[in-house]
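Give me the fold of what follows.
(one chain, ligands or ions: 1)
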Amino acid sequence: MANGVEQQGRGLASWRVSGLRQELDEGDGEVLARAARALGIEPEAVRGQRFARRSIDARGRGRDLHFVCQVDLVVPDRPKTPRLRRLIRSGKVAATPSPEGLAVEGEPGSRLVVVGAGPGGLFAALAGALSGAEVTLVERGEAIERRGRKVVAFHRGAAPDPDNNLLFGDGGAGTYSDGKLYTRVSDPLETAVIDELVQAGAPADIAFDARAHIGTDVLHRMLPRLRRRLEELGVRFCYGVRATGVEASDGADGRSVRALLTTDGAIELDALVLCIGHSARDTWAWLAEAGVAMEAKPFQVGVRIEHPQELITRGRYGPDPRGEVLGPASYNLQSRAEVPAHSFCMCPGGRIVASVSEPGGLCTNGMSNSRHSSRWANAALVTTLEPAAVEALGHRGPLAGVELQRELERRFFDAGGGTYAAPAQRASDFLDRRRSSGELRTSYGFGATAARLDSLLPGLVREAIAGALDRFERAIPGFAGDQGLLVGIETRSSGPVRLPRDRTAFRAQGFSNLFPAGEGAGYAGGIMSAAIDGARAARAAVAGGHRSGTSPAR
Ligand SMILES: Cc1cc2nc3c(=O)[nH]c(=O)nc-3n(C[C@H](O)[C@H](O)[C@H](O)COP(=O)(O)OP(=O)(O)OC[C@H]3O[C@@H](n4cnc5c(N)ncnc54)[C@H](O)[C@@H]3O)c2cc1C
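Reported below is the predicted structural model:
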């Protein structure tokens, strides 16, 4: 793929052309040439070009499979023709958005402490270090190599380690995942984040492929490289160190944190960025005691659903043999039934995993390797619970969602037999409200135990899932039949808590130098958005947001 969009400069203009059709067997050059002609320019006159996005259009169950593309072109800057004006008005052509760098002009040597080495914390540390701050990164779990060994031990029967599991440790929650980067946020920092991920070993097509995913195996190889990059920039890593509190005092601009208290002593600081993730239950508890503002936010509850991958691929791409070149199909479905539900975090060719951070509670999620090579397809099937719905289920206050998650996770753990085996029910039996019989085959390592998920789930969630099964069957035949297995429970698709921030400066309300970011603060949902939010929070912190209340423009 040609790539020269950076050549934009004097006398040149950069345009993004959208809605370009590409046949499955059509070369990139032909699409790029068509994009140029759409602008009224001969392809030879183009100075730089690249794909900005490419997605599959599989509507009509594969009867007209093709790609839909966006292309960026750098071309000689000429007065706009009536044709170009028309294309701009119709939304088919727009100026290519200007990317931003991660660094910001900061106060050299300011002491920035970041909690959490997930995507939010890693990119906060990177943005801080590139901006000249002295960065310390505190992570309760171990570096990926040791974390991996503890995760394996859990799967071999050891008790879950509260600091090293599928949710906590180097790389954060998404380290055992499909590593999909679909949740694009159209942010000017996106290009900088993607460039760093590619430098660390992610496939180059994450820059434009709408189905881009990294895979657990590649993510594990990337993390040590990202760590080396950060260490070369001077970032000090403190693994196996848990943040347990803050030392703060009142100042002219509100409370000011002087030091982070940890299991390894106090760390003095000028600014603190918290990227603690969506499962930071004990951390939210001490933050609330320290006076950090906190509120309940909507979050998702449901189950995982698993099918043979072949059923999904056939259902999405139909009988067209060209579909094979696309590999295992994925889906992203919404039900607008009375109680809505949607699929989430679909893992083609993946497996179901135990997203457990506390002993005695069960929670499922999904992961896959880079080749999507398992014969199973799984996805979350969830509905969004508003704080009022959680209150109706008997839980109040900012941490009401955490209480409900715990209650449900314990209920499912017990129903699974107390061994991390997951309660499971065929989709058809769920709809008929009966226990499944016979062998329940699943990719889930701890195995499945037949149970009445329809009775274990809160009524609202049951209703949402039943409505979704009904509708999704129309999109993918067999989805709600005997080959669909519901496995649960899924409570950690998103966080139930928000730490409200000052609107422009990313600061926790009432604090002058505390910057909550990422999914644990309620401002992100996925690897890309967490990375960008972490970077933005760190930029605000080092740009002097903690002293003057100013921050770089969003
Ligand atoms: C199994 C699974 C699969 C997923 N798949 C995808 C996917 O394919 N694509 C996608 O975009 N998203 C996926 N996600 C979601 C994604 O992982 C998260 O949105 C993202 O990791 C959030 O980043 P974060 O930095 O905000 O928090 P996290 O990644 O959760 O990182 C928080 C870190 O903070 C640390 N921490 C917490 N409290 C403390 C403390 N007191 N002291 C020290 N350290 C602390 C934790 O150990 C953790 O490492 C998946 C999540 C899971 C669980």
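
and the host helix or strand of Asp72, which residues are buried?
Element membership for Asp72, per DSSP states H and E: strand 66-76. Neighbour counts over strand 66-76 (16 or more other C-beta atoms under 10 Å) mark Phe67, Cys69, Gln70, Val71, Asp72, Leu73, Val74, Val75 as buried. Glycine gets a C-beta too; all of them are placed from N, C-alpha and C.

Give the pairing partners of it; include direction for each.
strand 12-22 (antiparallel), strand 48-57 (antiparallel) (DSSP bridges).

what's the average pLDDT for that strand?
Averaging pLDDT along strand 66-76 gives 92.

and what of stretch 176-186?
On average, stretch 176-186 scores 73.

Over to it now: how far is its first residue from its last?
With C-alpha to C-alpha, to the nearest Å applied, stretch 176-186 spans 25 Å between its terminal residues.

Please apply the same query to stretch 429-447.
So stretch 429-447: terminal residues 19 Å apart, C-alpha to C-alpha.

quick one: that stretch to chain centroid distance?
28 Å (C-alpha atoms, centre = their mean, to the nearest Å).

Which of the residues in it are classified as buried?
Asp429, Phe430, Leu431, Ser436, Leu440, Thr442, Ser443, Tyr444, Phe446.

ok, now stretch 445-456?
Phe446, Ala448, Thr449, Ala450, Ala451, Arg452, Leu453, Asp454, Leu456.

can you check stretch 482-490 too?
Those would be Gln483, Gly484, Leu485, Leu486, Val487, Gly488, Ile489, Glu490, for stretch 482-490 by 16+ other C-beta under 10 Å.

quick one on the thing from earlier: with respect to the ligand, which of the strands paired with strand 66-76 lies nearest?
Among the strands paired with strand 66-76, strand 48-57 comes nearest to the ligand, with 16.2 Å by C-beta to the nearest ligand atom.

Just give me how far that closest one sits from the chain centre.
Distance of strand 48-57 from its chain centroid, counting by C-alpha atoms, centre = their mean, is 21 Å.

go on, stretch 108-128?
For stretch 108-128, the distance to the chain centre is 18 Å (C-alpha atoms, centre = their mean).

distance between the ends of that stretch?
10 Å.

Could you do stretch 314-331 as well?
End-to-end for stretch 314-331, by C-alpha to C-alpha: 12 Å.

And the contacts of that stretch?
24-25, 56, 58, 60-63, 65, 211, 309, 312-313, 343, 346, 348-349, 372, 377, 379, 475-479 (C-beta atoms under 8 Å, 6 or more residues apart in numbering).

And for stretch 190-208, what's in contact with it?
Under the contact criterion C-beta under 8 Å, 6+ apart, stretch 190-208 has outside partners 50-54, 70, 99-102, 123, 126, 181, 184, 212, 214, 218, 221-223, 225-226, 229, 370, 528, 531-532, 535.

Could you check how far that stretch is from the centre of its chain?
On C-alpha atoms, centre = their mean, the centre of stretch 190-208 falls 15 Å from that of its chain.

So, low pLDDT: which residues of the stretch 201-350 of the chain?
321-324 (pLDDT under 70).

again, only using 90
Along the stretch 201-350 of the chain, the model assigns pLDDT under 90 to residues 203-215, 251-254, 316-327, 336-338.

Can you pull the residues of it lying near the ligand?
Proximity of the stretch 201-350 of the chain to the ligand (C-beta under 6 Å from any ligand atom) is limited to residues Arg242, Ala243, Cys275, Ile276, Gly277, His278, Ala280, Thr283, Cys345.

From the residues you listed, which land in strands?
Ala243, Cys345 (DSSP state E).

I'd like the residues of the stretch 201-350 of the chain next to the ligand laid out as CSV, including neighbour count.
Shown next, in CSV, are those (neighbours: other C-beta atoms under 10 Å):
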residue, neighbour count
Arg242, 19
Ala243, 26
Cys275, 34
Ile276, 29
Gly277, 28
His278, 24
Ala280, 26
Thr283, 20
Cys345, 24
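
Please work out how many residues are found near the residue in the stretch 451-554 of the chain that the ligand sits nearest to.
Per C-beta to the nearest ligand atom, Gly518 is where the stretch 451-554 of the chain lies closest to the ligand, at 2.5 Å. Applying other C-beta atoms under 10 Å, we find 32 residues neighbouring Gly518.

and what of Arg474?
10.

Regarding Arg34, what are the backbone dihedral angles?
phi -70, psi -40 (degrees, to the nearest 10).

For the stretch 351-500 of the chain, what lies in contact range of the ligand?
Counting by C-beta under 6 Å from any ligand atom, the stretch 351-500 of the chain sits next to the ligand at Val353, Ser355, Asn365, Met367, Arg492.

Could you list the domains of this protein?
Listed by automatic domain parsing, the domain ranges of the chain are 5-95, 111-294+499-548, 299-490.

circling back: out of the buried residues of stretch 429-447, flag the one nearest to the ligand.
Tyr444 (12.4 Å).

what about the nearest residue to the closest one once chain neighbours are set aside, is that helix, strand or coil?
Residue nearest to Tyr444 in three dimensions, not counting chain neighbours: Ile352, with 4.0 Å by C-beta to C-beta, 6 or more residues apart in numbering. Classification of Ile352 by DSSP: H, G, I helix; E, B strand; the rest coil places it in strand.

what does Ala524 give?
coil.

which residues does the residue of the stretch 251-400 of the chain found nearest the ligand contact?
Residue nearest to the ligand within the stretch 251-400 of the chain: Gly277 (2.2 Å; C-beta to the nearest ligand atom). Listed by C-beta under 8 Å, 6+ apart, the contact partners of Gly277 are Gly116, Gly118, Gly120, Leu167, Phe168, Gly172, Ala173, Gly495, Gly518, Glu519, Gly520.

Same check on Pro359?
Contacts of Pro359 (C-beta under 8 Å, 6+ apart): Ala159, Pro160, Pro162.

Grab the nearest non-local neighbour of the first one.
With C-beta to C-beta, 6+ apart as the measure, Pro359 is the residue that lies nearest to Ala159, at 5.5 Å, once sequence neighbours are left out.

what's that neighbour sitting at in phi/psi?
According to degrees, to the nearest 10, Pro359 has phi -60, psi 150.

what do you get for Ile489?
Residue torsions, per degrees, to the nearest 10, at Ile489 are phi -120, psi 160.

count of residues packed around the closest residue to it other than its chain neighbours?
Excluding its sequence neighbours, the residue lying closest to Ile489 (C-beta to C-beta, 6+ apart) is Phe412, at 4.3 Å. Residues lying near Phe412 (other C-beta under 10 Å) number 26.

what's the answer for the one 3 residues further on, then?
For Ala415, the neighbour count with other C-beta under 10 Å is 22.

Contact partners for it?
Contact analysis of Ala415 by C-beta under 8 Å, 6+ apart lists Pro423, Thr449, Ala451, Leu456.

Check what pLDDT the third one gets.
According to the predicted model, the pLDDT of Ala451 comes to 98.

Would you mind confirming that it makes contact with Asp429?
No: with contact defined as C-beta atoms under 8 Å, Ala451 does not reach Asp429; the gap is 10.4 Å.

Which neighbours do those two have in common?
Arg435.

what about the spatially closest residue to Phe299 that is not a sequence neighbour, how many residues close to it?
Distance criterion C-beta to C-beta, 6+ apart; nearest residue to Phe299, sequence neighbours excluded, is Pro496 at 4.1 Å. Pro496 has 29 neighbours, counted by other C-beta under 10 Å.
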